[in-house]
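>>> Sequence first, predicted model second:
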Amino acid sequence: MLPREGQSHLHFYPAVRITRYISARIADYIAATRSLRRAGTLRWCD
């Protein structure tokens with residue numbers, strides 16, 4: 001029981017870090033696309 005729990009924790013924490021990293025990258029990508037769209041609309045308006 002104990003070794004399995006230890007392995008599960010070792011596998012669990014990296015997964016949480018990866019999911020958090022991916023979610024952060026997705027948020028950055030969405031923010032970048034929004035900023036690019038705003039810049040594009042401003043350029044087209046000018």
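Happy to help now that I have it.

>>> Around residue 25, how many other residues sit close by?
Per other Cβ atoms under 10 Å, the neighbour tally for residue 25 reads 10. C-beta coordinates here come from the backbone N, C-alpha and C atoms, glycine included.

>>> ok, it to residue 36 distance?
Applying Cβ to Cβ, to the nearest Å, the value for residue 25 to residue 36 is 16 Å.

>>> cool, residue 29 as well?
Relative to residue 36, and taking Cβ to Cβ, residue 29 is found at 10 Å.

>>> repeat for residue 18
27 Å.

>>> go on, residue 24?
19 Å.

>>> With residue 19 instead?
26 Å.

>>> Likewise for residue 13?
35 Å.

>>> Over to residue 30?
Taking Cβ to Cβ, one finds residue 30 at 11 Å from residue 36.

>>> before we move on, what about residue 17?
With distances taken as Cβ to Cβ, residue 17 is found 28 Å from residue 36.

>>> now residue 14
Separation of residue 14 from residue 36 (Cβ to Cβ): 32 Å.

>>> Look at residue 36 and say how many residues are nearby.
So residue 36, with other Cβ under 10 Å, has 10 neighbours.

>>> likewise residue 18?
So residue 18, with other Cβ under 10 Å, has 10 neighbours.

>>> pLDDT value on it, please?
The per-residue pLDDT reported for residue 18 equals 91.

>>> where's it, which helix or strand?
Residue 18 belongs to helix 2-45 when assigned by DSSP states H and E.

>>> which regions of the chain sit below the pLDDT cut-off?
Applying pLDDT under 70 to the chain picks out residues 1-12, 42-46.

>>> rerun at 50
Scanning the chain with the threshold set as pLDDT under 50 gives 1.

>>> Please export the C-alpha coordinates of stretch 20-32 as CSV.
Written as CSV, here are the backbone C-alpha positions of stretch 20-32 (Å, rounded to 0.1, in the frame of the first residue of the first chain):
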residue,chain,number,x,y,z
ARG,A,20,-1.0,24.1,-14.7
TYR,A,21,1.8,24.8,-17.2
ILE,A,22,-0.4,24.0,-20.2
SER,A,23,-3.3,26.0,-18.8
ALA,A,24,-1.0,29.0,-18.2
ARG,A,25,0.4,28.7,-21.8
ILE,A,26,-3.2,28.5,-23.2
ALA,A,27,-4.1,31.7,-21.2
ASP,A,28,-1.0,33.5,-22.6
TYR,A,29,-1.9,32.3,-26.1
ILE,A,30,-5.5,33.6,-25.8
ALA,A,31,-4.2,37.0,-24.4
ALA,A,32,-1.7,37.3,-27.2
